[in-house]
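A.B. asks: Here you go, sequence then predicted model.
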Amino acid sequence: MNYNEINLHKVHQLTKDGMSFIDIISKLRVDKVSNCDGDNIDILINTVCDYYEVNRVLLKSRSRLGYIVEARRMYCYLARVLTPKSLKYIGSKINRDHATVLHQYSNMAGYVEIEDSNMISDINKVTHEYGSNIRAYEYLIKNKKDIDVRVA
């Protein structure tokens, strides 16, 4: 399993809170796998599109406008960090190949490595919004199942 700078920051914070290293790694593994299944990639795409104010068509397009490229880069980075999906699958969602996804991920990881405060702030905001959207989606699914059970 891949761990990145964000995970290391989480480890540091959880260590300060008194958790053991084994517990921290278990928590990171559970967070990484349980937060995202396959269909949640679409929620990530919607979250990135909302944050950067682009629509899905533009995200999938061949456009090289800066704000669209930035949205694609954020999607590739977060999809790689937050989901267990392959590079090929992540790329197929935006009409790109695995090499492009890896390149975009590397670019964004470079910003994180040099501690670019604007980029890290954007990553935190999008990740927070994505988490909220996942919880809302899971809540809707749960309530839909409850309604279906009551109707039947």
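C.D. replies: Cool, the structure landed. Numbering: from 1, shown residues only.

A.B. asks: pLDDT score assigned to the residue most central in space within the chain?
C.D. replies: By Cα atoms, centre = their mean, the chain has its centre lying nearest to residue 78, at 3.3 Å. You'll see residue 78 listed with a pLDDT of 95.

A.B. asks: Contact partners for it?
C.D. replies: Each residue near residue 78 by Cβ atoms under 8 Å, 6 or more residues apart in numbering is listed here: 44, 48, 123, 126, 127, 130. No exception for glycine: its C-beta is placed from N, CA and C like everyone else's.

A.B. asks: In the residues you listed, find the pair that's most separated.
C.D. replies: Across those, the longest distance by Cβ to Cβ is 12.5 Å; it joins 44 and 123.

A.B. asks: neighbour count winner among those two?
C.D. replies: residue 44 (25 against 20; other Cβ atoms under 10 Å).

A.B. asks: Make a markdown table from the contacts of residue 78 and add distance to residue 91 and secondary structure to it.
C.D. replies: Output for the contacts of residue 78, formatted as a markdown table (distance: Cβ to Cβ, whole Å; DSSP: H, G, I helix; E, B strand; the rest coil):
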| residue | distance to residue 91 | secondary structure |
| --- | --- | --- |
| 44 | 13 | helix |
| 48 | 14 | helix |
| 123 | 20 | helix |
| 126 | 19 | helix |
| 127 | 20 | helix |
| 130 | 19 | helix |
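
A.B. asks: quick check, nearest of the residues you listed to residue 73?
C.D. replies: Distances from residue 73 to those, taken as Cβ to Cβ, are shortest for residue 48 (9.6 Å).

A.B. asks: Which helix or strand in the chain has the lowest average pLDDT?
C.D. replies: Taking mean pLDDT, DSSP states H and E as the measure, the chain has helix 21-35 as its least confident helix or strand, at a mean of 58.

A.B. asks: Can you pull out the low-pLDDT segments for this structure?
C.D. replies: For the chain, applying pLDDT under 70 flags the ranges 1-9, 11-12, 21-22, 24-39, 145-152.

A.B. asks: Is residue 119 in contact with residue 108, as I believe?
C.D. replies: Yes - checked against Cβ atoms under 8 Å, the pair residue 119 and residue 108 is within contact range at 7.2 Å.

A.B. asks: Which of those two has more residues huddled nearby?
C.D. replies: residue 108 (24 against 19).
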